[in-house]
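Engineer: take this sequence and fold it.
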Amino acid sequence: MDLESLLPAWLASRLPRRRQLKVAVARGPARNRSATFTVVTFGAAAIAFILALFGIGPFAVQELVVTFAGSSSQIPASQVFPSVAPTHSVVNVYDPPKRQPASSPKAAPSPSPHPSPSPTHRPDD
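Structural biologist: The predicted structure follows:
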């Protein structure tokens, strides 16, 4: 019994048709893909080598241009960075903390409440 036969015609026409399930087809033995992996790996390495070989060229030309441009004199660091006066201070982290000045004496603590020996008046039940 099919689901579409149970539904009204107007609703069944609006629903999408179900597709037939495809059954798995028996395949032959799996191919060995190690050759493909090897070719892809060595191909990527060769491309990386060529890019690295030709990629250094512009930087080598730039170095030659800068070297032969007559900028052989070095710039003193004091022209670029201002000098800073040295700071000398000795800090001993093992020193005990400094003593605080003696504060005024504390007031005597208030006496804590103790049970009284005399009976207290209780209202009659």
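Engineer: pLDDT score assigned to the most centrally placed residue in the chain?
Structural biologist: In the chain, the C-alpha closest to the average C-alpha coordinate belongs to Ala48, at a distance of 28.9 Å (C-alpha atoms, centre = their mean). Model confidence at Ala48, given as pLDDT, is 92.
Engineer: which helix or strand contains it?
Structural biologist: For Ala48, the element it lies in under DSSP states H and E is helix 34-55.
Engineer: distance between that helix and the chain's centre?
Structural biologist: From the chain centre to the centre of helix 34-55 is a distance of 31 Å (C-alpha atoms, centre = their mean, to the nearest Å).
Engineer: with stretch 46-65 instead?
Structural biologist: On the basis of C-alpha atoms, centre = their mean, the separation between the geometric centre of stretch 46-65 and that of its chain is 33 Å.
Engineer: span of it from start to end?
Structural biologist: Criterion C-alpha to C-alpha, to the nearest Å; first-to-last residue distance in stretch 46-65 is 30 Å.
Engineer: how close does Ser34 get to Thr41?
Structural biologist: To Thr41, Ser34 is 10 Å away according to C-beta to C-beta, to the nearest Å. Every residue, glycine included, has its C-beta placed from N, CA and C.
Engineer: do the same with Asn92
Structural biologist: If you measure Asn92 against Thr41 using C-beta to C-beta, the figure is 61 Å.
Engineer: name the residue in the two with the higher neighbour count.
Structural biologist: Taking neighbours as other C-beta atoms under 10 Å, Asn92 and Thr41 compare with Thr41 leading, 10 against 5.
Engineer: how near is that one to Val66?
Structural biologist: The separation that Thr41 has from Val66, given C-beta to C-beta, amounts to 38 Å.
Engineer: and Ser103, by the same measure?
Structural biologist: Summarising the geometry, the distance separating Ser103 from Val66, computed by C-beta to C-beta, is 71 Å.
Engineer: those two: who's more crowded?
Structural biologist: Under the neighbour definition other C-beta under 10 Å, Ser103 and Val66 were set side by side, and Val66 has more, 11 against 6.
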